[in-house]
Structure formats: C-alpha cells, structure tokens
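Chemist: For reference, the sequence and a predicted model appear below.
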Amino acid sequence: MARLAGVDLPVKKRTEIGLTYIYGIGRTRAKSLCYRAGINPDKKIADLTEDEVNRIRTILEEEGSVEGDLRKEVSMNIKRLIEMGAYRGLRHRRGLPVRGQRTHTNARTRKGPRRATVAGKKKATAKT
C-alpha cells in the first residue's frame, strides 16, 4: 500500500486517479506528476515499485504544499478575511455563498437544509 503525504492511496485505482485522493492534487496535477516521475498513469497503485513511489514523493516535496499544510493555509486565509471584516469574510461567517451566487433560490449547499416555517403556514391557511 502506497502512502504519500500522510494519505493511504487506494491500491486498485490507476495512479492518475489514486493521486487525487491527496488534498490539493486534482486530475491535471496528478497527470503532470506521473509524467515528471516517468510513471505510466494507467498503472495501478498496487503495481508501483518503492522507487516510483519515492520519485513521486520527492516531486511533491519540491512542489510545495499539499494535505495538512494546504488545509492550514486555506483556513488561515479565510480567518484573515473574517478578521479584516471584508465582504467575503462576512459571507464565510454567515455560511452563505462567497463568490456572488444568488441566494433567493438555490445555495442549499452553503445554507443547509430548508428551515420549516410551520407558524407562518398556519396563519396563511387561517385567513382563507
């Protein structure tokens, strides 16, 4: 089992896909990692030799932040926006979309499940 950046990679997946299990690595970055390490992206992670895993590991260390460091950096950026009182920080604090999306409808991912307005419905039906 290959372990990179503190993450156990899934053994049955192709290398290109398995690398995306590391936070901060998407499909494009995984492809370039495989190319620079000289590994066939279609090769299964279980079939990787220790030497190939070490080559990927060294390239990751040279490139910069992934996993814990990147998560910390992102959370610090959000915290900075909140402390500054920036508009984006206020949106983060309120749990609303940050990048200008509409909230009248949609935005359920950020806002969470709908709140039931039971009291309002009873008053509306009593009037008719």
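Modeler: Okay, I see it.

Chemist: how near is I59 to Y35?
Modeler: Using Cβ to Cβ, to the nearest Å, we find I59 at a distance of 10 Å from Y35. C-beta coordinates here come from the backbone N, C-alpha and C atoms, glycine included.

Chemist: next one: V53
Modeler: Noted for V53: a distance of 16 Å to Y35, by Cβ to Cβ.

Chemist: Have a look at those two and say which one is more surrounded.
Modeler: Relative neighbour count places V53 above the other of V53 and Y35, with 18 against 12, counting by other Cβ atoms under 10 Å.

Chemist: so who does the spatially most central residue of the chain touch?
Modeler: Nearest to the mean C-alpha position of the chain, counting by Cα atoms, centre = their mean, stands Y23 at 6.2 Å. With contacts defined as Cβ atoms under 8 Å, 6 or more residues apart in numbering, Y23 is in contact with 7, 66-67, 70-71.
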